[in-house]
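J.: I would like the atomic coordinates for the input below:
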Amino acid sequence: MKIETLPIGLYGENSYILHDNDHVLFIDPGRFAEELSRHVSSAETVDAILLTHGHEDHTQAVDDLYEMYHCPVYMHEGDYEMVDPKMGKTNFAVPLYCPLTPLPEGEITIGAFPLTIYHTPGHSKGSVLIRYRNRLFTGDTLFAGSIGRTDLFGGDDYEMRESLIRIKELPNDLWVYPGHGDATTIGQEKKMNPYLYYLKVDL
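T.: Below is the predicted model of the structure:
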């Protein structure tokens, strides 16, 4: 397994390319589809494009990559409205014209990749975490030392709190690959991230 992290654009969005056994997943391809495609060899098969949510800094290369690889594009249905071409440009989102496949919560196999999907609304209605083995791609829900904002389209403080409660229950040894910034672990975030460390769970 190899994970390539390519910080892209004004916001330094982490576009990820996950390689394993000559199969590839693009996760949150923010921009520059041609550049991203150079990291995929002719011997590899692109199984899918996965989106942790629908904000534009995570999606702007999607349509172009779809045209290159004609692979499925997965996103939680909670963010479909955000990227619907009929809506035009909404709050920090741009339309997607490629077909979208719903990304359900739970265990799912996409191509060669057995994944676990956690629906974690708060940053947006359709925000998800994507787990492959002991790697967790958290989009803009969880960062090293912080969390995603809740004041954009589809954001909600209460839902973010409920999502953080779920995250706090995850194993400490999970590696976290966030939408922006450096990688970390769940254990490290439980100790150092104030949004998790001070989170009180009602009994």
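J.: what pLDDT does the residue most central in space within the chain get?
T.: When C-alpha atoms, centre = their mean is applied to the chain, the residue found nearest the centroid is residue 52 (2.6 Å). The model reports residue 52 with a pLDDT of 98.
J.: What score does the closest residue to it other than its chain neighbours have for pLDDT?
T.: Excluding its sequence neighbours, the residue lying closest to residue 52 (C-beta to C-beta, 6 or more residues apart in numbering) is residue 139, at 2.7 Å. For glycine as for every other residue, the C-beta is placed from the backbone atoms N, C-alpha and C. Listed pLDDT for residue 139 reads 98.
J.: So that it lines up with my notes, have the first residue be 42 from now on.
T.: Will do, 42 is the new start, and the previous item becomes residue 180.
J.: Give me the contact list for the helix of greatest length in the chain.
T.: For the chain, the helix that runs over the most residues, judged by DSSP state H, is helix 198-209. Here helix 198-209 makes contact (C-beta atoms under 8 Å, 6 or more residues apart in numbering) with 159, 161-164, 168, 170, 182-183, 188-189, 191, 227, 230-231, 236-237, 240, 242.
J.: could you flag which of those residues are buried?
T.: Those of these that meet the buried threshold are 159, 161-164, 168, 170, 182-183, 188-189, 191, 227, 230, 236-237, by 16 or more other C-beta atoms under 10 Å.
J.: Greatest separation within those residues: which pair is it?
T.: 191 and 227 (20.8 Å; C-beta to C-beta).
J.: quick one, strands of the protein?
T.: Using DSSP state E, the strands found in the chain span residues 43-49, 54-61, 64-68, 86-91, 114-116, 142-143, 147-151, 154-160, 169-173, 176-180, 183-184, 187-188, 216-219, 225-226.
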